[in-house]
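In: Got a predicted structure here, sequence first:
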Amino acid sequence: MNWVSIGSLSDIPRRGARCVDTPEGKIAVFRTADDQVYAIDDHCPHKGGPLSQGIVHGTAVTCPLHNWVISLETGRALGADEGAVRTIPVRVEGERLFIALEALASRAA
Amino acid sequence: MTEKLVIIGNGMAPGRMLEHLLEKAPGRYQVTIFNAEPRVNYDRIMLSPVLSGEKAYEEIIIHGDGWYIKHGITLYKGHRIVAIDRAAKTVTSDHGVTEPYDKLVIATGSVPFIIPVPGHNLPGVLTYRDLDDVQAMMLAAQSRAKAVVIGGGLLGLEAAAGLNAQGMDVTVLHVMPTLMERQLDPAAGYLLQRAVEQRGIKVITKANTQAITGNGKVEQIELADGTVIPATLVVMAVGIRPNAALAKEAGIAVNRGIVVDAGMRSNDPDIYALGECAEVNGQVYGLVAPLYEMARVAASQLAGDGAAAFVHSDTPTKLKVTGIDLFSLGDFAEGEDRQEIVLRDAAAGVYKRLVLKDDRIIGTVLYGETADGTWFNDLKKKQTDISEMRDTLIFGQSYQGGAPLDPMAAVAALPDDAEICGCNGVCKGKITGAIAAKGLTSLDDVRAHTKASASCGSCTGLVEKLMVLTIGDKYNPAAVQPMCGCTTLGHDEVRRLIVAKRLKTIPAVMQELEWTTSCGCAKCRPALNYYLVCDWPNDYADDYQSRFINERVHANIQKDGTYSVVPRMWGGVTNAAELRAIADVVDKFEIPMVKVTGGQRIDMLGIRKEDLPAVWADLGQAGFVSGHAYAKGLRTVKTCVGSDWCRFGTQDSTGLGIRIEKFMWGSWTPAKVKMAVSGCPRNCAEATCKDVGVICVDSGYEIHFAGAAGLDIKGTEVLGLVRTEDEALEHIVALTQMYREQGRYLERIYKWAKRIGIPEIKRQIMDDGERRKAYFDRFVFSQKFAQVDPWSERVSGKDKHEFRPMASVGFAQAAE
C-alpha cells in the first residue's frame, strides 16, 4: 500500500466529488452528505462515463451519461445493471485525505 | 304516480339526502332544486384548502351537472326562493319561476353573523361562507395588502391561514382571551396561537372591535382600547345563525332555527327542514356529521320510513389548516367530580388532555398529535370504564398492553364499530366489509362506495391503513405514480405540499414529507430543486449538488466526457464581430467541431472541462452570455426575417422573437422550452411544432403551444389571437408561468397540456385577465433572481473547484 495525500475534506463539496489525476487514470473521490469519503475509478462500467460528474445520493452515484447507479462502497452497479469499477482505499486523518495506489506501489518497488 | 319534491337550497345536506333518497326510493319523486348560488353542489368543508390554494374548485365538486341530468333532477342555479305559498303548495323564485310541490324540503343553511359596528357595510368587508366569498378574498389577496380577520374560531383561523398562504399580511382579532375557546382549553389555545403566529399571522386576543373606518372602502379597524390596525380587507368570521327567515314568513314554526321533530318534519306535515337552518330538540348544528345524519333521516322519512329519527351525538372538531393537528371532543371544563390526565411535550409541540368522570372519558383535547382521537372518541361513545388502563391511557391505543407504537397495529386493534370517518359516520366494519365484498382496490373506490374520507379527508390515512389491512399488497396507494423510490407521493402532491407547508429547502421537504432515504436520489433531488427554485425564487438557495452535471457546469456533457458550449444568439441573429470572436475561441482552444444547431445558433463541441471557464471568459469579452442549451429552461426563440426583409412578412417576427428571448432567458422550467416566431402563415420558423410558437398574421399574433418534434411528433394547439406585441408577450409569459407552477419535472409542455386540458389552459390564460396578470407578475418577480449569466459568475471565480482536479499524484514517482 502506498498512501498518497490528495488534499483535505473541505476540498470536496458535500454530496459531490473531485477528481485526482494519477498514472492509473482519473480517480473520483466522493464526499457523502454525512462526510464519508470514497474513491473509485472515474469510469462507469457501462460506457465509461465520468462518475465524478454524477449526482451523489446516500452512498451511491448516478452516472451522468445513462443513469447507471454505482455503489461507492463496493463499486458495483446497483439495481438491474451488472458491472463494477475498482474501488480505491481511502483514509481520513483528521481533515487530511489519503488514497492508496496499489499499482504505483508495485511499480515504485 | 310520481310526487313532486321541491328542495330549497343545494348545499351538502340536501345533496346527501338526495343520494340516500335515490337509493331508497328511486323514481318515487320528481325532484326540483332551487339554488340561490349559481352552481352545483360542492364540498363547503374544503373551501379552506381552495382559499389557501391547495385545491381548485373543480376538485371539491360533489355533484357535477351530469349527476343532475342523469337522475332527471331539475336544478335552478342562481334562483332564490322569495315566497312559499302553503295553501297553494307552491314556491316562487326571484326570477319568477313558480313550482308546485307535494313535499317541500327547506335547506337554506345559515347566514354569517355580522357584528353591527359602524362601517360593517363598507366595501372590503367580507364574510366566509361560500365560493363567492373565497373568490373575493383571493382577488383581494392579489394586492398583497393587509387583511384583518375578526373571529379566532374554526372558520376565522382557516380564513386567516388561507389568506396568509395567498401572501397577505394577516391579523386575527379574537374577543376571548384564547383562540377557539369553545373547542379548546386555554393550554391548547395557547399552543395553537403560537403555531398560528409562527406562520406569520398576528393574533390579538381580548380584542373588542369598535369601528371599521375608511373613505368609501375599508382602510382601518379601531379597537375599544384605542388600537388602530390598517386593513384593506376585513373578514368577519364570528359565527353563523340559521337562515330561517323564509320559513318564518310562510308561518312555519321558527325558534332559533326551523323547528322540526326527530323525523325532520316541521309543523306543516308536508314541509321538512334539514341542515344548518333546522333546529332539533332545541339544538342547531353546524358541523357536517350531524347534518349528514339529518340527511339520512329526512331521506328515510321521504321514502316512507316513519320510524327514522335523528339522535344527537357529540362531533369531534378538527382544524383544517395544513401543518396544525388539532382534535377536540365533548366536555372539557374542570369540575369537582372530574379528573384529568394531561401530557405535555413542549419540544415536540404536543399537548393532550383527557377529562374523566366516574372512570369514563367525557372530553378530549389533542394538539400536535391527533392519531388517537378516533380511539378516545370510541371509548367515550361506549362509556368504556378506563380504570384498568388509566396509567397509560394518555399514551394512546398502541401503548395498551405494552405493545410497540405501531400505527398499523393500532388500526388493526380498533373494534369493527369504531368510527373512522366522523364527517360521514362510517365505522371500520363498514369500510372493511365494503372492501372485501366489492373487491375495492383504490381509495377512490372506497370513497365512492362508503363515503369514508370523502368530505374533509382528514381520515384518509386511517382508511388507507384499513385497505392495507384488508387486502394487503393488492392495495396500491400509488394510484398516482410516486416521484421515485424515496417517497410514496406523486409530483403533484409534493408540489402542493411544498407551497402549502411553506417548505423552502430540500432537507425540509424530505423531513416533512417523510422521505424514506436520507438524501434522496438522482430522480427526486433535481425535481425538488426545480420545484423550490420555482416556488420560492427569492428565498431558496439553489442546490448545485442536486442539479444534473449539464446544469451544474452550464455546458452539455458528451459521450467522451468533454463538453459542448452554445452561446446565446438572440432570435438567431448574429454579426461579424460575434462570428469572429467564436472563430478566435475555436482556434485558441483547438475546439475540434463547430456546428450550427437546429435552434439557430452555433455549437462548439469537444471542449475539455478544465477549459470551460477560459472559453466563457473569451466569449464573455465579445458580449456573449450562456445559451442555456443544457437547461431545463428557456432554450431558443427561433425566428424568420419577418416584415423587415420578407415580401410576405406581416409583422416584425425577428424583433418579437428577440424581445421574448431577452425577457425570458434564464428562467427555469420543468423541462426544456423551445419557442419560435414566424412572420406569416408560411411558417418558416417552424413555430407549429414548438413548445410555444407565434404565427404573425395581418390582424395580430396567433399564439400556439404544446407542439412536439422529438420523441413524439405533434402539431401545436392554438391558444388564441392577440392584437399587439405587448399582449403576445404577456400571454406567452403567463402561459409559461402556469406551466412552471404546475408541470411535473421533465414533463414537456405538450404532456402537461394533455394532462391539464387545453380548454382549462385557454380559460386561465385567454379568458381570465386577472389570473393572466398574476401569472405574468410572478414570472417577472422570479426573473429578478434568475437572470444572472452563469458563465460570467464562473469566470469571476464561483465554485472554482468544479473545474480543477483535486490533486495530481504519483507522476513524479512513476517517472523514477
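Out: In hand now; what should we look at? Numbers count the residues shown, from 1 in each chain, chains lettered A, B, ... in the order given.

In: Kindly format the C-alpha coordinates of stretch B:549-568 as CSV.
Out: Extracted as CSV, the C-alpha positions of stretch B:549-568 are listed here (Å, rounded to 0.1, in the frame of the first residue of the first chain):
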residue,chain,number,x,y,z
ILE,B,549,-24.0,17.9,-14.5
ASN,B,550,-25.1,19.9,-17.5
GLU,B,551,-26.8,22.5,-15.4
ARG,B,552,-24.1,22.4,-12.8
VAL,B,553,-21.4,23.4,-15.3
HIS,B,554,-23.6,25.2,-17.8
ALA,B,555,-22.5,23.1,-20.7
ASN,B,556,-23.5,19.8,-22.3
ILE,B,557,-21.6,16.6,-21.4
GLN,B,558,-20.7,14.5,-24.4
LYS,B,559,-20.1,10.7,-24.6
ASP,B,560,-16.3,11.1,-24.1
GLY,B,561,-16.7,13.4,-21.0
THR,B,562,-15.9,16.6,-22.9
TYR,B,563,-18.4,19.4,-23.2
SER,B,564,-20.2,21.4,-25.8
VAL,B,565,-20.8,25.2,-25.5
VAL,B,566,-23.6,27.2,-27.1
PRO,B,567,-23.7,30.9,-26.6
ARG,B,568,-27.0,32.8,-26.9
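
In: Same question for that stretch: list its buried residues.
Out: Buried residues in stretch B:549-568, counted by 16 or more other C-beta atoms under 10 Å in any protein chain shown: B:549-557, B:561-568. Glycine gets a C-beta too; all of them are placed from N, C-alpha and C.

In: from those, which ones fall inside helices?
Out: Assigned to helices by DSSP state H, the following of the buried residues of stretch B:549-568 qualify: B:I549, B:N550, B:E551, B:R552, B:V553.

In: Relative to chain A, which of these is nearest.
Out: Ranked by distance to chain A (C-beta to the nearest C-beta), these are led by B:I549 at 4.1 Å.

In: State the pLDDT value of that closest one.
Out: At B:I549, the model reports a pLDDT of 93.

In: quick one, what contacts it?
Out: The contact partners of B:I549, taken as C-beta atoms under 8 Å, 6 or more residues apart in numbering or on different chains, are A:Q53, A:G54, A:P64, B:I557.

In: which residue packs closest to the second one, ignoring adjacent ones?
Out: Okay, so that is A:G54. Take A:G54 and drop its neighbours on the chain: the residue closest to it by C-beta to C-beta, 6 or more residues apart in numbering or on different chains is A:V61, 4.4 Å away.

In: for chain B, where's the lowest mean pLDDT among helices and strands?
Out: helix B:811-815 (a mean of 50; mean pLDDT, DSSP states H and E).

In: So stretch B:790-804, near chain A or not?
Out: Yes: using C-beta under 8 Å from any C-beta of the partner chain, we find that stretch B:790-804 touches chain A at B:H801.

In: So what does residue 12 look like in phi/psi?
Out: The chain I'm using is chain A. Backbone geometry at A:I12, expressed as degrees, to the nearest 10, gives phi -110, psi 130.

In: For the closest residue to it other than its chain neighbours, what are phi and psi?
Out: Leaving aside its chain neighbours, A:I12 sits nearest to A:R31 (4.0 Å; criterion: C-beta to C-beta, 6+ apart). Main-chain dihedrals, A:R31, degrees, to the nearest 10: phi -120, psi 120.

In: Would you state the helices of chain A in chain order?
Out: A:102-108.

In: residue ranges with poor pLDDT in it?
Out: A:1, A:103-109 (pLDDT under 70).

In: all strands in the stretch 251-400 of chain B, in order from the N-terminus.
Out: B:258-260, B:271-273, B:278-280, B:283-284, B:317-318, B:326-330, B:338-345, B:350-357, B:360-367 (DSSP state E, counting those that start in this stretch).

In: Burial-wise, tell me which of those comes out on top.
Out: Among the strands of the stretch 251-400 of chain B, ranked by average contacts under mean count of other C-beta atoms under 10 Å in any protein chain shown, first place goes to strand B:271-273 (a mean of 28).

In: just checking, what packs against that strand?
Out: strand B:103-106, strand B:258-260, helix B:288-302 (3 or more C-beta pairs under 8 Å, 6 or more residues apart in numbering or on different chains; DSSP states H and E).

In: Contact partners for B:L343?
Out: B:V350, B:Y351, B:K352, B:R353, B:I394, B:F395.

In: Turn those residues into TSV, including pLDDT and distance to B:S796.
Out: Shown next, in TSV, are those (pLDDT from 0 to 100; distance: C-beta to C-beta, whole Å):
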residue	pLDDT	distance to B:S796
B:V350	81	49
B:Y351	83	52
B:K352	85	56
B:R353	86	59
B:I394	82	60
B:F395	80	58
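
In: Format these as TSV; extra columns: distance to B:C646.
Out: Output for those, formatted as TSV (distance: C-beta to C-beta, whole Å):
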residue	distance to B:C646
B:V350	71
B:Y351	73
B:K352	75
B:R353	78
B:I394	80
B:F395	79
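
In: Of these, which is the nearest to B:L503?
Out: Nearest to B:L503, judged by C-beta to C-beta, of these is B:V350 at 21.2 Å.

In: nearest residue to the closest one other than its sequence neighbours?
Out: Excluding the flanking residues, the one nearest B:V350 by C-beta to C-beta, 6+ apart is B:G368, at 3.9 Å.

In: and what of B:D789?
Out: Nearest to B:D789 is B:V625, by C-beta to C-beta, 6+ apart, at 4.2 Å.

In: ok, the one you found - how many residues close by?
Out: Residues near B:V625, counting by other C-beta atoms under 10 Å in any protein chain shown, number 19.

In: now do B:H449
Out: Neighbour number of B:H449 under other C-beta under 10 Å is 16.

In: For whichever residue of the stretch 451-600 of chain B sits closest to chain A, give me its contacts.
Out: Ranking the residues of the stretch 451-600 of chain B by distance to chain A (C-beta to the nearest C-beta) places B:A522 first, at 3.4 Å. Counting by C-beta under 8 Å, 6+ apart, B:A522 makes contact with A:G54, A:I55, A:H57, A:T62, A:N67, A:V69.

In: Okay, strands next: where are they in chain A?
Out: Assigned by DSSP state E, chain A shows strands spanning A:3-8, A:16-22, A:25-31, A:37-41, A:55-57, A:60-62, A:69-71, A:87-88, A:90-93, A:96-100.

In: can you redo the strands of the stretch 251-400 of chain B as a markdown table with distance to B:Y190?
Out: What follows is the strands of the stretch 251-400 of chain B, written out as a markdown table (distance: least, C-beta to C-beta, whole Å):
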| stretch | distance to B:Y190 |
| --- | --- |
| strand B:258-260 | 39 |
| strand B:271-273 | 39 |
| strand B:278-280 | 34 |
| strand B:283-284 | 29 |
| strand B:317-318 | 17 |
| strand B:326-330 | 13 |
| strand B:338-345 | 11 |
| strand B:350-357 | 9 |
| strand B:360-367 | 10 |
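
In: If you average pLDDT over each of those strands, which is lowest?
Out: Ranked by mean pLDDT, those end with strand B:317-318 at the bottom, a mean of 76.

In: quick one: the strands in the stretch 501-650 of chain B?
Out: Per DSSP E, counting those that start in this stretch, the stretch 501-650 of chain B carries strands over the ranges B:556-557, B:563-565, B:593-596, B:602-607, B:634-639.

In: Could you single out the most deeply buried of the ones you listed?
Out: strand B:634-639 (a mean of 28).

In: Who are the packing partners of that strand?
Out: Counting by 3+ C-beta pairs under 8 Å, 6+ apart, strand B:634-639 packs on helix B:653-664, strand B:673-678.

In: Of the ones you listed, flag the one that's most buried.
Out: Taking mean count of other C-beta under 10 Å, strand B:673-678 is the most buried of the helices and strands packed on strand B:634-639, at a mean of 28.

In: Where do the helices of the stretch 151-300 of chain B begin and end?
Out: Secondary structure of the stretch 151-300 of chain B (DSSP state H, counting those that start in this stretch): helices at B:154-165, B:186-198, B:245-249, B:288-302.
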